[in-house]
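**Q** Just the structure for this:
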Amino acid sequence: MLLDNLQSFKIVNLYKQLINTIKKKYPDISESELNQIQKAYELASLAHKDQKRLSGEPYIIHPLHVALYLAEMSMDPPTIIAGLLHDVIEDTIYNEEFIRNEFGDEVAKLVKAVTKISLVKKDTYKENLSELKSQEAAENLRLMLLATFEDIRVIIIKLADKLHNMQTIHYQKPHKIERIAKEVLDIYAPIAGRLGMYKIKSELEDLAFEALCPEEAKKIKEEIKQSKTELESFLKKVKKALYKRLEEMNIQAQIDSRVKHLYSVYTKIQKSNKTIKQIYDLRGIRIIVPEVNDCYAVLGIVHTLWKPLPGRFKDYIALPKPNGYQSLHTTVMAPDGKPLEIQIRTKEMNERAENGIAAHWLYKHGMDYKSVKGRLEWLQTLKQITQEFQNYAKNRLENSTEFLNTLKDELQPDEIYVFTPNADIITLPRGATVLDFAFKIHTDLGLRCKSALVNDRIVPLSTELKSGDKVEIITHPEPKPSPIWLKYVKSTRARQKIRAYFRKKEETEPVKETKEETPNKKIELKIKRKPTKNPKEVPIEVSGGIDVPVRYAGCCSPVPGDKIIGYITRGRGITIHRVDCSQLPKNQSEIERFIPVKWEGLTEVYPVAIEITAKDRQGLYLDLVQAITVTKTNILKAEADIPKDKNDIMKATFLVEIEHVDQLNEVLQSLSLVKDVIEAKRKS
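**A** Residues are numbered from 1 along each chain as shown. I've put the predicted structure just below:
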């Protein structure tokens with residue numbers, strides 16, 4: 001009885017806290033809206049009255065917590081009502097039609113969408129996102145994303161639901177704890193980050209980290225606790241000095257201490273291989289002011305009090321992050337001689353930084369589209385990816401694997417920010433190249449990519465981009481992708497686009513017989529020759545399925561992408577020549593031994609000699625080597641005839657490993673851009 005009374009008391013208090021939070025966030029909320037929220041609470045209490053959580057608590061405590069989190073995130077009344085009712089359709093006798101009749105179509109749609117996500121199977125997760133059981137996991141994730149595309153509030157409700165479940169995860173069985181926590185780290189926390197909801201992202205990460213690595217989490221907590229007294233004393237002095245100067249300048253401000261959350265500290269330690277005491281940005285303060293102008297005034301005050309560290313200032317107010325985040329960041333040398341990170345923002349910016357796109361409902365009357373543009377565009381990108389993978393795949397398993405990898409690319413926090421010629425910001429995974437940029441803008445732009453200007457300088461397509469680069473793509477009139485591009489792209493999405501193009505081309509362009517291509521009419525074109533296991537043999541498709549040894553001719557050194565022809569050599573199988581090889585037989589009797597062949601894939605590299613003619617100068621040879629290596633091409637051998645007299649002509653020969661003729665062309669183009677190079681060509 002006592003336990004029941006305590007639980008009843010807890011439920012009543014939670015409901016009061018919910019209503020007080022709603023009134024605080026929405027002081028103008030109408031009486032009818034509050035009545036609907038109370039009605040939803042009463043229905044949820046009735047529907048779940050005989051249900052218990054694994055903790056033994058009444059089930060109603062869960063939807064009450066979900067609704068409270070939504071209220072704290074400043075969500076609108078329909079979302080809060082849906083939070084209270086999100087498990088009703090799935091777990092009780094009340095159906096969607098009943099919800100619609102009682103609370104309207106908007107609430108019913110939200111509850112139905114969250115229910116669909118809740119019904120997703122939960123047994124498909126392995127070590128991390130890339131190791132999921134591909135087919136089932138991909139379908140589950142697509143289902144969740146499709147619900148989100150209909151209404152972004154669906155994923156916000158799901159995040160609140162996941163947050164409370166993580167707070168009670170210790171009641172689950174060990175194998176479920178591991179699976180759920182990994183799911184949170186791989187999917188839900190990154191999604192929250194993408195939506196700018198850093199508060200819930202941090203909470204989810206910490207809870208998942210403590211569930212997966214309890215010992216490491218405990219150790220970090222203890223180390224933070226040990227330095228807490230010293231840190232609090234230090235921050236008190238810093239705040240006092242700041243408040244004094246701000247008062248002198250007649251600037252009102254709220255100054256909060258900020259310590260990195262557990263998982264952030266852990267990842268920082270792992271990446272930097274440092275101890276907690278060696279992490280300089282572990283401590284920090286956040287200064288919240290009324291107006292944007294105050295932000296810059298406070299920045300000036302901070303920099304007069306303490307010396308700023310070079311390269312550590314970022315203006316995310318003038319140049320917001322793609323997810324809409326705005327703040328000034330600076331790091332200064334504090335009075336104790338150690339770095340101190342300081343963030344400066346307005347109250348509204350702080351609300352958006354913590355609650356991200358959820359804050360849109362609080363400020364919807366005073367916000368323009370720019371404040372949520374980046375977050376919504378990211379969802380549109382995800383929608384496009386989901387639809388494309390549903391439409392194009394021939395191989396369902398392969399499609400699922402690529403979808404999961406692409407999703408992981410889109411969710412990863414390790415990104416760079418580059419600019420279009422119009423100064424729009426494009427986010428890409430770290431290590432992305434010019435080609436990744438082109439495909440991120442538009443598939444057609446990627447397929448027609450010819451070259452690029454990065455910061456007004458022409459560069460190879462394989463060039464890695466870095467944050468702040470301005471990129472302009474130069475295109476062909478028609479698509480001209482190359483299989484070698486698969487080596488250049490970092491993002492799974494760009495790789496998928498390239499493969500999809502070649503699949504479609506293969507399907508829509510059947511092999512054509514012509515007199516020139518098929519001198520011997522007795523051979524039927526129908527069977528692919530299986531790739532041999534011998535790495536010395538060429539991956540070639542031979543017409544007629546003739547299972548004979550295949551080798552490539554040394555006289556013309558064909559590489560994938562070259563137009564080729566097979567020549568049947570008595571006792572030696574088929575020799576592959578370039579069609580323009582000068583050593584091919586010319587008389588009619590020999591022509592009968594030609595056979596159509598084509599490249600099957602990119603499984604080997606081939607030695608090709610390149611000859612460079614250039615005006616000699618100091619450092620030229622090193623520049624030539626650099627021009628080759630920047631295309632990610634391996635040099636097997638190099639020779640150079642260095643002239644004795646200055647300003648004379650130098651001849652150099654490089655033997656390089658080539659996988660495709662387009663790679664060779666890029667090497668030649670890169671060499672031709674080197675100062676004083678007269679000619680770069682394939683050695684005949």
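**Q** Next, I285: secondary structure please.
**A** Here I285 is strand, with the state taken from DSSP: H, G, I helix; E, B strand; the rest coil.
**Q** That one contacts V259, doesn't it?
**A** No: using C-beta atoms under 8 Å as the test, I285 is too far from V259 to be in contact (10.1 Å). The way it works is simple: take the backbone N, C-alpha and C, and place the C-beta from them, glycine included.
**Q** Tell me which of those two has more neighbours.
**A** I285 (19 against 15; other C-beta atoms under 10 Å).
**Q** and the one helix or strand E222 maps to, what does it pack onto?
**A** Using DSSP states H and E, E222 sits in helix 214-226. Counting contacts by 3 or more C-beta pairs under 8 Å, 6 or more residues apart in numbering; DSSP states H and E, helix 214-226 is packed against helix 198-212, helix 262-272.
**Q** now the angle from the longest one to helix 214-226?
**A** Looking back up the chat, that one is helix 198-212. 120 degrees (axes from the mean of the first three to the mean of the last three C-alpha atoms, to 10 degrees).
**Q** okay, the angle between helix 198-212 and helix 262-272?
**A** Going by the same axes, to 10 degrees, helix 198-212 makes 70 degrees with helix 262-272.
**Q** chain center to the stretch of helix or strand E639 belongs to, what's the gap?
**A** Element membership for E639, per DSSP H and E: strand 635-641. Mean-position distance between strand 635-641 and its chain equals 40 Å (C-alpha atoms, centre = their mean, to the nearest Å).
**Q** Same question for stretch 349-362.
**A** 22 Å.
**Q** contact partners of it?
**A** With contacts defined as C-beta atoms under 8 Å, 6 or more residues apart in numbering, stretch 349-362 is touched by 25-26, 70, 73-76, 79, 152, 156, 192, 195-200, 286, 288, 317, 323-327, 345, 348, 363, 367, 371-372, 375-376.
**Q** can you tell me which of those residues are in strands?
**A** Counted as lying in strands by DSSP state E, out of the contacts of stretch 349-362, are R286, I288, R345.
**Q** Spit out the contact partners of the last one.
**A** Counting by C-beta under 8 Å, 6+ apart, R345 makes contact with R286, I287, I288, V289, C295, I317, Q326, S327, L328, A353.
**Q** same deal with V88?
**A** V88 neighbours (C-beta under 8 Å, 6+ apart): L43, A44, A47, H48, Y94, I99, V111.
**Q** quick one: which of these is most hemmed in?
**A** Sorting the contacts of V88 by how many neighbours each has (other C-beta under 10 Å) puts V111 first, at 27 neighbours.
**Q** Can you classify it as helix, strand or coil?
**A** helix.
**Q** what's the distance between it and T92?
**A** As for V111, its distance to T92 is 12 Å (criterion: C-beta to C-beta, to the nearest Å).
**Q** Is it correct that L43 is in contact with V111?
**A** No: between L43 and V111 there is no contact under C-beta under 8 Å: 11.1 Å.
**Q** Which neighbours do the two have in common?
**A** L85, V88.
**Q** Tell me the buried residues within the contacts of stretch 349-362.
**A** 25-26, 70, 73-76, 79, 152, 156, 192, 195-200, 286, 288, 317, 323-327, 345, 348, 367, 371-372, 375-376 (16 or more other C-beta atoms under 10 Å).
**Q** averaged over its residues, what pLDDT does the helix or strand just after the strand holding E639 have?
**A** Reading on from strand 635-641 to the C-terminus, the next helix or strand found by DSSP H and E is strand 649-658. Here strand 649-658 scores 90 as its mean pLDDT.
**Q** Sheet partners, orientation included, of strand 649-658?
**A** As defined by DSSP bridges, the strand partners of strand 649-658 come to strand 606-615 (antiparallel), strand 635-641 (antiparallel).
**Q** Among those strands, show me which one is buried the most.
**A** strand 606-615 (a mean of 18; mean count of other C-beta atoms under 10 Å).
**Q** Which residues does that strand contact?
**A** Residues contacting strand 606-615 (C-beta under 8 Å, 6+ apart): 552, 557-560, 620, 624, 636, 647-659, 664, 667-668, 671, 674, 676-683.
**Q** Stretch 215-230 too?
**A** D206, F209, E210, V259, L262, V265, Y266, I269, I276, K277.
**Q** just to revisit the earlier point, need the ones in strands among the contacts of stretch 349-362 in JSON lines with pLDDT and distance to K221, can you?
**A** Putting those into JSON lines (pLDDT from 0 to 100; distance: C-beta to C-beta, whole Å) gives the following:
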{"residue": "R286", "pLDDT": "93", "distance to K221": "22"}
{"residue": "I288", "pLDDT": "95", "distance to K221": "27"}
{"residue": "R345", "pLDDT": "96", "distance to K221": "28"}
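**Q** farthest residue from the center of the chain?
**A** Residue farthest from the centre of the chain, counting by C-alpha atoms, centre = their mean, is S589 at 59.0 Å.
**Q** host element of that residue?
**A** Taking DSSP H and E as the criterion, S589 maps to helix 588-591.
**Q** tell me the domain boundaries of the protein?
**A** The chain breaks down into these domains under automatic domain parsing: 2-220, 221-367, 414-507, 510-602, 606-682.
**Q** mind checking which of those is nearest Q384?
**A** domain 414-507 (9.2 Å; C-beta to C-beta).
**Q** Kindly confirm my reading that N422 is in a helix.
**A** No: N422 is assigned coil when assessed by three-state DSSP, not a helix.
**Q** State the phi and psi torsions of it.
**A** When read as degrees, to the nearest 10, the backbone of N422 gives phi -90, psi 10.
**Q** For it, report the pLDDT, please.
**A** Confidence score, pLDDT, at N422: 86.
**Q** and if you look at P531?
**A** pLDDT, P531: 38.
**Q** Same check on K370?
**A** 48.
**Q** swap in I279?
**A** 67.
**Q** show me where the stretch 451-600 of the chain has helices.
**A** Secondary structure of the stretch 451-600 of the chain (DSSP state H, counting those that start in this stretch): helices at 485-488, 492-508, 588-591.
**Q** So which of those helices is the most surrounded?
**A** When the helices of the stretch 451-600 of the chain are compared using mean count of other C-beta under 10 Å, helix 485-488 is most buried, at a mean of 21.
**Q** quick one: contacts of that one?
**A** Around helix 485-488, the neighbours that count as contacts under C-beta under 8 Å, 6+ apart are T433, L435, L461, S462, R495, I498, R499, L602, K632, E659, D662, Q663.
**Q** next one: stretch 423-439
**A** Outside stretch 423-439, the residues touching it (C-beta under 8 Å, 6+ apart) are 319, 322, 374, 409, 412, 414-420, 440-441, 445-446, 449, 452, 454, 459-465, 471, 473, 485, 488-491, 493-494, 497.
**Q** Type out the ChimeraX command that picks the buried ones from those residues.
**A** Of these, the buried ones can be selected in ChimeraX as follows, counting by 16+ other C-beta under 10 Å:
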select :322,374,409,415,416,417,418,419,440,441,446,449,452,454,459,460,461,462,463,464,465,471,473,485,488,489,490,491,493,494,497
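**Q** Appreciated, that's everything.
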